[in-house]
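> okay, predicted coordinates and the sequence, questions at the end:
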Amino acid sequence: MSVTAIPTPRRTLLFRGMIAAVVLGLTACSEDMSDLEQYVAEVKARKPGEIEPYPEPKPYRRFTYVAGDRRDPFDPAVLENTQEPPTHVAGSSVSPDPNRPREFLESFPLESLKMVGTIEKGGRIFALIQTPDGTVEYVTVGNYMGQNYGRIDRITETETDLTEIVPDGFGGWKERKQKIALSE
């Protein structure tokens, strides 16, 4: 008894698709390449383009430094005089108070805080300060903000003035005036 496989519709469709692909592939292979040969001939007949020559290098000019009456830029005495003299005095009262409790706005760099308005309440003026995360805090004269112990000295409708206490670079502290202008 012999069994012949009956083609299923899926196999038949796959077989027909393969035959169609082979036939299409073979018809694409023609020996007529006259259009390609014509294009190659046109390209070969074109005049070659000109290549610009490299620019001439500039000759090296030697420079000899003659100090004459000018100062020596590497003189250690000159370099020492360019540094700021120490601004702190022994026993100076300028220093941050380590026992003062820190306020919320002191956890942000001063550059990241924005003044967005003012409010007057009970005869006192308050500045509205926006933090980087978008919350708005209100402060008044005497409050602190910024990471350099900035104490608020004055508030106007357009700016908040404060005095920071920063290291002077010589082991001491110095005061620095700062402003935060009303942002538009």
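Arrived safely, thanks for sending.
> which residue ranges form the helices in the chain?
Applying DSSP state H to the chain gives helices spanning 9-27, 34-45, 76-81.
> would you map the strands across this structure?
114-121, 124-130, 136-139, 144-145, 150-155, 159-167, 173-181 (DSSP state E).
> follow-up on the earlier one: okay, the helices of the chain in JSON lines with mean neighbour count next?
The C-beta positions use only the backbone N, C-alpha and C, and glycine is treated the same way. Conversion of the helices of the chain to JSON lines gives the following (neighbours: other C-beta atoms under 10 Å):
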{"stretch": "helix 9-27", "mean neighbour count": "10"}
{"stretch": "helix 34-45", "mean neighbour count": "9"}
{"stretch": "helix 76-81", "mean neighbour count": "9"}
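> just the strands of the chain: most buried one?
Here the criterion is mean neighbour count by mean count of other C-beta atoms under 10 Å, and of these the winner is strand 144-145, at a mean of 24.
> let me see the mean pLDDT of that one.
The average pLDDT within strand 144-145 is 96.
> report the distance from that strand to the chain centre.
Taking C-alpha atoms, centre = their mean, to the nearest Å, one finds strand 144-145 lying 27 Å from the centre of the chain it belongs to.
> who are the packing partners of that strand?
Taking 3 or more C-beta pairs under 8 Å, 6 or more residues apart in numbering; DSSP states H and E as the contact definition, the neighbouring helices and strands of strand 144-145 are strand 150-155.
> what's in contact with the strand it packs on?
Contacts of strand 150-155 from elsewhere in the structure, counted by C-beta atoms under 8 Å, 6 or more residues apart in numbering, are 106, 110, 118, 125-127, 139-145, 160-164, 178.
> please redo it, this time with the cut-off set to 7 Å
The set of residues that contact strand 150-155 without belonging to it, under C-beta atoms under 7 Å, 6 or more residues apart in numbering, is 110, 118, 125, 127, 139-145, 160-164, 178.
> can you redo the strands of the chain as a markdown table with distance to residue 101?
Conversion of those to a markdown table gives the following (distance: least, C-beta to C-beta, whole Å):
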| stretch | distance to residue 101 |
| --- | --- |
| strand 114-121 | 23 |
| strand 124-130 | 18 |
| strand 136-139 | 15 |
| strand 144-145 | 10 |
| strand 150-155 | 14 |
| strand 159-167 | 16 |
| strand 173-181 | 19 |
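> for residue 143, see how far away residue 111 is.
Applying C-beta to C-beta, to the nearest Å, one obtains 18 Å for the distance of residue 111 from residue 143.
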